[in-house]
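1. what would the 3D arrangement of this be:
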Amino acid sequence: MGMAASQARFLGLTARKTNVEYEGQQINQQRTTLSNQSANYYNQLLGMSVPVPPSVEDYTKTVYTFTDGALSNNITSLIAQGNGNYMISYTRNCRNDNTVVATTSHIVTRLTKTPINRELYEQFLTGTNGGCYTSAVNSYDAAHFAHTLTHMLEAGDYTTSDGNKLTIYPYGYGGGTSYLNSRWWNTVSGGSSGNRILMDQISAELAGTEEQQKIVDLLYEFLKDTSGENVDATKPLTCPADRGNNVPQARKDYLRNQVLTLINSFGNSSDSYYVGADKLRTLGNIEDAERDGNGLITKYTGNDKYLSSLTTEQLNKLEEQEKQYINMLTDKYGAGAWMVRYIQNTTSGEWVPYFYRADDLEKAIYKESTDGSMSFIPCYTTGSERETTEIKGVIAKLEQDTSGRYINITLNPGTEDEVTYALTTETSTDQDAYNDAMNQYEYDKTCYDKAIEDINNKIEITQCEDKNLELRLKQLDTEQDAISTEIDAVQKIIEKNVESSFKIFG
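-> Here you go, the predicted structure:
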């Protein structure tokens, strides 16, 4: 029984020793792998390039300049051609005081109105369906014009822009004598029903519009006395035809043109744009102007403050100048329909143009409650800016001093146009390029430091793992020594038991 126990103990110890030896082999393999990893990390460190900060001298060069009146010229290239000649390139800088530049936009207000039905005015203009405009045009009769205007207004009381009162009865007498009433041609019984229907439609569409106020103001102008005095509100108008015929011919012509301009404007674009209180108009086209057969302005009939202050000669010159503005704006900022408004500088009194592209105005965002612009709208005006022109491949002669520095340059040498300029030498540093290089260096250095830190962390982790494996290996060595010692003791016991057994049987 003792023999069997010793043998079992021996076998168990032998198995433990084998396991310890196997685990030791595995640990050694792991330590070899960690060693390879560590070597790889060190190789990565050795292969990394250390960032070098830029030198300001690398971005500094000698610049030669010469001046020609108000022009400043910087030589950008010098290529020797032999015989003392050089092929040079240079940039020419000057200030253009007559150009268009971007500026801060004023708040733009969009006045939105519903376009009036143009078909109604076509009937009105042609006289179809009872329209009465044609007779007024043909007769040059101020009374007919007033008749026409009253038919474009609904019956009721109106106030002119100057605060005068006017009561309208489009279809005859409506009673009452407290105001001077516009009581033209009683058509209640004998007038055309088609005429009344057409005029009712027109007056309904005009109600509350800007055009309606213009008609009221214009009608009041017709009803003034021939002396130009205001209408007497206590005196009824008994014979409108006589009043019309008593108007001087020049006044008839003026008022007739006013009506023509007003009525022909009906049904146009539904959007008008304002800078402050001033309406934008199409650049290069002065509206509200009478012209001759050649298209030249002979009279301005609008109410623009700036345009009203100009003579006809100045207006025509301004229109030509605005066409040049269009070319300048197109070349610089792209093609498109351009609009303009002149605003007076409160300090200098000068009228300054402000240009807007029609597409930009249309695409802008406007506040519903006020129709004021909420988004940025590109705006341009006249101003000055520095312009640079590059001139290439010019033959020149250069003169040097004893130090080798260039001191004079002769352009077009050997020709009638030969001219010599003194050269100014100065150093120029491309500060922007240097700053960019320094920023790149700081970025590269940060990346380098981060990579070094990451690799060192990995090496530290590898070393820690290797140390743990080394400790475990030492534990296994100790355990193996203990097992070997115990195996030797058990083996001796077994040998004694075998020897004892042979003696018994011997």
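2. identify all contacting residues around stretch 35-43.
-> Under the criterion Cβ atoms under 8 Å, 6 or more residues apart in numbering, residues I455, K458, I459, T462, Q463, D466 lie in contact with stretch 35-43. Every residue, glycine included, has its C-beta placed from N, CA and C.
3. pull out the buried positions in it.
-> Q37, S38, Y41 (16 or more other Cβ atoms under 10 Å).
4. could I get these as a markdown table with pLDDT, secondary structure and distance to L153?
-> Formatted as a markdown table, the buried residues of stretch 35-43 follow (pLDDT from 0 to 100; DSSP: H, G, I helix; E, B strand; the rest coil; distance: Cβ to Cβ, whole Å):
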| residue | pLDDT | secondary structure | distance to L153 |
| --- | --- | --- | --- |
| Q37 | 89 | helix | 97 |
| S38 | 87 | helix | 100 |
| Y41 | 87 | helix | 95 |
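5. for the chain, what's the longest helix?
-> Secondary structure of the chain per DSSP state H: the longest helix is helix 431-505.
6. tell me what that helix is packed against?
-> In terms of contacts (3 or more Cβ pairs under 8 Å, 6 or more residues apart in numbering; DSSP states H and E), helix 431-505 is packed against helix 2-47.
7. roughly how far out does the helix it packs on sit from the chain middle?
-> 73 Å (Cα atoms, centre = their mean, to the nearest Å).
8. relative to helix 431-505, how tilted is that helix?
-> Angle of helix 2-47 versus helix 431-505, following axes from the mean of the first three to the mean of the last three Cα atoms, to 10 degrees, is 170 degrees.
9. where does the chain dip in pLDDT?
-> Scanning the chain for pLDDT under 70 picks out 1-3, 112-148, 169-198, 222-257, 259-261, 263-271, 277, 501-506.
10. how far off centre is the longest helix of the chain?
-> Worked out by Cα atoms, centre = their mean, helix 431-505 lies 65 Å from the chain centre.
11. just to be sure, Y273 is in a strand?
-> Yes - counting by DSSP: H, G, I helix; E, B strand; the rest coil, Y273 is located in a strand.
12. just to check, it is in contact with R281?
-> No - with contact defined as Cβ atoms under 8 Å, Y273 does not reach R281; the gap is 9.4 Å.
13. next, show the common contact partners of those two.
-> Jointly contacting Y273 and R281 under the rule Cβ under 8 Å, 6+ apart are M339.
14. just grab the bridge partners of G156 for me.
-> I168 (DSSP bridges).
15. grab the most central residue of the chain for me.
-> P378 (6.1 Å; Cα atoms, centre = their mean).
16. quick one, what contacts that one?
-> Taking Cβ under 8 Å, 6+ apart as the test, what P378 contacts is A102, S105, Y333, Y356, R357, D360.
17. out of these, which are buried?
-> Buried among the contacts of P378 (16+ other Cβ under 10 Å): S105, Y333, Y356, R357, D360.
18. in these, find the pair that's most separated.
-> Largest separation among the buried ones among the contacts of P378 by Cβ to Cβ: S105 and Y333, giving 13.6 Å.
19. and the contacts of stretch 35-43 as TSV, adding distance to E313 and neighbour count?
-> Formatted as TSV, the contacts of stretch 35-43 follow (distance: Cβ to Cβ, whole Å; neighbours: other Cβ atoms under 10 Å):
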residue	distance to E313	neighbour count
I455	83	16
K458	86	15
I459	89	17
T462	93	19
Q463	95	12
D466	99	19
